[in-house]
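A.B. asks: Quick one: sequence plus predicted model below, questions after.
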Amino acid sequence: MVLSRIAKVSLATVTILGLGVTTLSADTLSEVQKQGFVKCGVDGGLPGFSEVGSDGIYRGIDVDVCRAVAAATLGDAKKVKYVALNAKERLTALQSGEIDMLSRNTTWTETRDTSLGLNFAGVNYYDGQGFMVTKKLGVKSAKELDGASICLQTGTTTELNVADYFRTNKMKYKLVSYDTNDQVVKAYESGRCDVLTSDQSQLYGLRIKLAKPDESIVLPEVISKEPLGPVVRKGDGRWFDIVRWSFYAMLTAEEAGVTSANVDAMLKSDNPDVKRLLGAEGQMGENLGLKKDFAYQIIKQVGNYGESFERTVGQGSPLKIQRGYNALWTNGGLQYAPPFR
Amino acid sequence: MLALLRNQKIRGIIFQLLTVIGLVAFLWYIGANTVANIEQRGIQTGFGFLEGTAGFGIDQSPIPYTEENTHGRVFIVGLLNTMIIAAVGIVFSTIVGLLIGILRLSNNWLIAKLAKAYIDFFRNIPLLLQILFWYNVVLRAMPNPKQSYNFFDTIFINNRGLYFPQPEYNTTFFAILISFAVAFACVFVLNRWANRRKEATGKDFFVLPWGIALFLLFPALAYWIGGAQLHFSFPELRGFNFKGGKVLSPEFLALAFALTIYTATFIAEAVRSGIEAVSHGQKEAAASMGFSPYQSLKLVILPQAIRIAIPPIINQYLNLTKNSSLATAVGYPEIVTVFAGTSLNQVGQAIEIIAMTMLVYLIISLLVSALLNWFNHKMKIKER
């Protein structure tokens, strides 16, 4: 009696342990459709990019990429489960399968693309690193920062760029690094450091978090290229394509003049580009393993890239960032989607 | 067959065997799974990254470090910083803990209650909160470098840290350093001799004045022999920050302070329990022999109390060392912050890096526990 009970218990234990460590699925799409939501890694505390509002809803240009993927794969942009990650955790979280995709102002670099088992699916924001200082210091250029204490977020390309920049310009600096942007801002405000460095877009975002935003200025120098974009795991080509083309659908929509407001009217358009985009013609959705109207859902629920940009970081937001490099190629910017055909 | 199973001894062996097989199968499964997943993703493996350039700066390092050094060097820097914070924490928490533990048993009502209040308060607040609290206190309460608290133009305190003069490492400096060691050794020997003489003849010999004389004489001699070239680099406000001198960062100070305050409460309790475990008769016997309270504490109670208190205290040392990894909350560059944090993020090889970091703590803990066993063996009552 006792014997068989022990045997049963040990058998059950072994089974549970075995189930606990299932192999990572290489088919993220089926996984997402089965669980009914997209698990998307975001920052969660960065105005304009991904921030939780007082109503508990995530908003931002990075969040919109998550929503676009949810709209494309599940037909509902709200079916996203956000996971707030700091810079140190984000890549490991994606590698280990804790999230389905990462959309967290992550810089596309050679090392990250090749050696970490990750793939960058595109660039949803072209950025560059800058410096923010208090006006009191009287500093006009980054070249005058010799000997300064610099606060930054650890685990980023930022800390590598700073090291390079100061070395190249033969200047010394004191590094003070923290895990999260909130800590960085607090330390900067309390005077622990003279300079806060990060991607320029973030500097504007973090500046509005300060108690007295007017007392700080962003220096003119941009010391690096920071193409930020969504990231997926290597080894799942279809999921990679879905994330990439969900974003390209937003770009293509802007280029073709399709917005969330006119997308229903556009369904009747004669323009072949628009017809292919919205699924009236061609096999675009099927090629990705999605429904014909995946791009329609994205545009209807999330909007095109221009709408998303203006709403989150542009004129419709407190950040008021100009399109700059992030304008469409037709307007002299870098945002360019391969053709939808 | 059934008869075999009914044999308790054989049954025991069978179950042990099954457990081992189950465990091995489980570990093997996890290992194989990990390897398969890593290969599928094309994630780099191996320890080659240790030779790769780190590329990021570290603010505080006991050894020379620049951005051009390797991740291997980052590991060493992190390890040394961990050991520094642990050593500082252990020394100070022992002093504070011992003091509070004894005060807790004081006959003075107010002192005893204050000590108890201190223990109850700090022991029951999570350490992480305390670290963050002290860090913010340091940052908020201290002025900026231009308005530093200035002590005779040599020591400065501001929200960038505590600045003090640093001697140049030349012959004179090392001669003085050695002279201190020699003086220390001399006092040690002298003390032993005095004790022996007292045991043999009953005559007192006061070591203290001689000790002070030695500690003054030897360094003075060394200064003269070493070339009389002792120079200090003084901290001086230039540009944004102080240059020259040595600095203890707010991160280090907050962490050391919080670790000390927190761990001292546990040490105080260990000391108290040790003292209370000594039979009351011992104290009465000491008193009836005319020992003063101080003598009875030093010669009768403490030697017996230490035997009981040492194991839990050493456990607290281990805890303190492991707790130092909470430094990551304030950015003090110890091993978890720089190696398992920044390096991990730059190279992305979580398994190797976390394994190395775990191994560090494991080795430190095993070393300390070996030390503890040896000490216990040495201290236990010798039965003859």
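C.D. replies: Everything's here; your move. Numbering: from 1, shown residues only, chains lettered A, B, ... in the order given.

A.B. asks: Would you check that B:I225 makes contact with B:A175?
C.D. replies: Yes. Counting by CB atoms under 8 Å, B:I225 touches B:A175, with 6.0 Å between them. To be clear about C-beta, it is placed using only N, CA and C from the backbone, and glycine gets the same treatment.

A.B. asks: what sits opposite A:V218 in the beta ladder?
C.D. replies: With DSSP bridges as the criterion, A:V218 is bridged to A:M132.

A.B. asks: just to revisit the earlier point, so B:I225 and B:A175 - more neighbours on which side?
C.D. replies: Under the criterion of other CB atoms under 10 Å in any protein chain shown, the comparison of B:I225 against B:A175 puts B:A175 first, with 21 against 13.

A.B. asks: Can you tell me the SS state at that one?
C.D. replies: Recorded secondary structure, B:A175: helix (DSSP: H, G, I helix; E, B strand; the rest coil).

A.B. asks: Tell me who's in contact with B:N69.
C.D. replies: B:N69 makes contact with B:53-54 under the criterion CB atoms under 8 Å, 6 or more residues apart in numbering or on different chains.

A.B. asks: swap the cut-off to 7 Å and go again
C.D. replies: Taking CB atoms under 7 Å, 6 or more residues apart in numbering or on different chains, we find B:N69 in contact with B:A54.

A.B. asks: Also A:P272?
C.D. replies: Contact partners of A:P272, counting by CB under 7 Å, 6+ apart, are A:E281.

A.B. asks: what's the distance between it and chain B?
C.D. replies: 39 Å (CB to the nearest CB, to the nearest Å).

A.B. asks: okay, now A:A261: neighbour count?
C.D. replies: A:A261: 12 surrounding residues under other CB under 10 Å.

A.B. asks: Would you list the phi and psi of it?
C.D. replies: Backbone torsions of A:A261, given as degrees, to the nearest 10, read phi -80, psi -40.

A.B. asks: Point out the residues in chain B that sit beside chain A.
C.D. replies: Contact residues, chain B versus chain A (CB under 7 Å from any CB of the partner chain): B:5, B:22, B:26, B:29-30, B:33, B:36-37, B:40-44, B:55-59, B:67, B:139-140, B:144, B:159-160, B:238-241, B:243, B:250, B:328, B:331, B:341-342, B:345, B:348, B:350.

A.B. asks: Drop anything exposed from the residues you listed.
C.D. replies: Using 16 or more other CB atoms under 10 Å in any protein chain shown as the burial test, the residues of chain B next to chain A include B:26, B:37, B:40-41, B:43-44, B:55-59, B:67, B:139, B:159-160, B:240-241, B:243, B:250, B:328, B:331, B:341-342, B:345, B:348, B:350 as buried.

A.B. asks: Among those residues, which lie within helices?
C.D. replies: Residues of these located in helices (DSSP state H): B:26, B:37, B:40-41, B:139, B:250, B:345, B:350.

A.B. asks: Could you export those residues to JSON lines, including columns for pLDDT and distance to A:A72?
C.D. replies: What follows is these, written out as JSON lines (pLDDT from 0 to 100; distance: CB to CB, whole Å):
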{"residue": "B:F26", "pLDDT": "94", "distance to A:A72": "39"}
{"residue": "B:N37", "pLDDT": "80", "distance to A:A72": "26"}
{"residue": "B:Q40", "pLDDT": "76", "distance to A:A72": "25"}
{"residue": "B:R41", "pLDDT": "75", "distance to A:A72": "24"}
{"residue": "B:L139", "pLDDT": "77", "distance to A:A72": "46"}
{"residue": "B:P250", "pLDDT": "89", "distance to A:A72": "48"}
{"residue": "B:N345", "pLDDT": "82", "distance to A:A72": "30"}
{"residue": "B:A350", "pLDDT": "84", "distance to A:A72": "30"}
